[in-house]
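A.B. asks: no FASTA, just this:
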């Protein structure tokens, strides 16, 4: 098994990486998620601040360290990676716009959340006109799900998408227009294969 430590931008990324389905997916590719360090915000991912998080991650003796962050306002993925710097990191994965785009990409979980089997799915989850979080709020309003919708608490909604509505990172990665979720899974698979 390849021991993988994650350094993540915030609570939602931490919840995603720690949930059992994700860990089980990783295990089939000979990966053990041994540590998840939450930097508690994008500002803590810059080179001068990330070193502490990497050091904390190394306490679990991972073979590889992966950083998971959002693109947000950066002009491109390359700029986001440069913002972080790559010293001591094996892989940087940037969710296009934001992690919530991955929820939009899982049509099955979206239908479960909305209790609407006719929800057609989001054609361009990583290219919403506003941030994916705001787009989820609009969908909630349109489908009269404000009480069960995103509201103001991303952490609570992330837990609900995973635990109640069955969000699957694999389904998100299979969406034809969600390349950042696919990239995460492909890069992790490579880490497992390289070790064999």
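C.D. replies: Received the coordinates, thanks. Keep in mind the model is a prediction, meaning the values are calculated, not measured.

A.B. asks: doesn't residue 86 make contact with residue 47?
C.D. replies: No: Residue 47 lies out of contact with residue 86 (C-beta atoms under 8 Å); the separation is 9.1 Å. Every residue, glycine included, has its C-beta placed from N, CA and C.

A.B. asks: Quick check: residue 109 touching residue 102?
C.D. replies: No: between residue 109 and residue 102 there is no contact, the gap being 9.6 Å when judged by C-beta under 8 Å.

A.B. asks: neighbour-wise, which of these two wins?
C.D. replies: Counting neighbours by other C-beta atoms under 10 Å for residue 109 and for residue 102 shows that residue 102 has the greater number, 28 against 22.

A.B. asks: what sits in contact with each of residue 109 and residue 102?
C.D. replies: By C-beta atoms under 8 Å, 6 or more residues apart in numbering, residue 109 and residue 102 have these common neighbours: residue 167.

A.B. asks: helices and strands of the protein: which one bottoms out on pLDDT?
C.D. replies: Least confident helix or strand of the chain, by mean pLDDT, DSSP states H and E, is helix 77-84 with a mean of 87.

A.B. asks: Quickly run through the sheet partners of the next helix or strand after it, with directions.
C.D. replies: From helix 77-84 onward toward the C-terminus, using DSSP states H and E, the following helix or strand is strand 91-95. Sheet neighbours of strand 91-95, with direction, are listed as strand 64-70 (parallel) (DSSP bridges).

A.B. asks: gap between the partner strand and the chain center?
C.D. replies: Chain-centre distance of strand 64-70: 10 Å, with C-alpha atoms, centre = their mean, to the nearest Å.

A.B. asks: what's it in contact with?
C.D. replies: Applying C-beta under 8 Å, 6+ apart, the contact partners of strand 64-70 are 2-9, 13, 16-17, 42, 45, 50, 54, 57-58, 80, 84, 88-95, 97-99, 184, 187-188, 191.

A.B. asks: Selecting buried members of those residues in PyMOL, what would you type?
C.D. replies: Typed into PyMOL, the next command selects the buried ones out of the contacts of strand 64-70 (criterion: 16 or more other C-beta atoms under 10 Å):
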select buried, resi 2+3+4+5+6+7+8+9+13+16+17+42+45+50+54+57+80+84+89+90+91+92+93+94+95+97+98+99+184+188+191
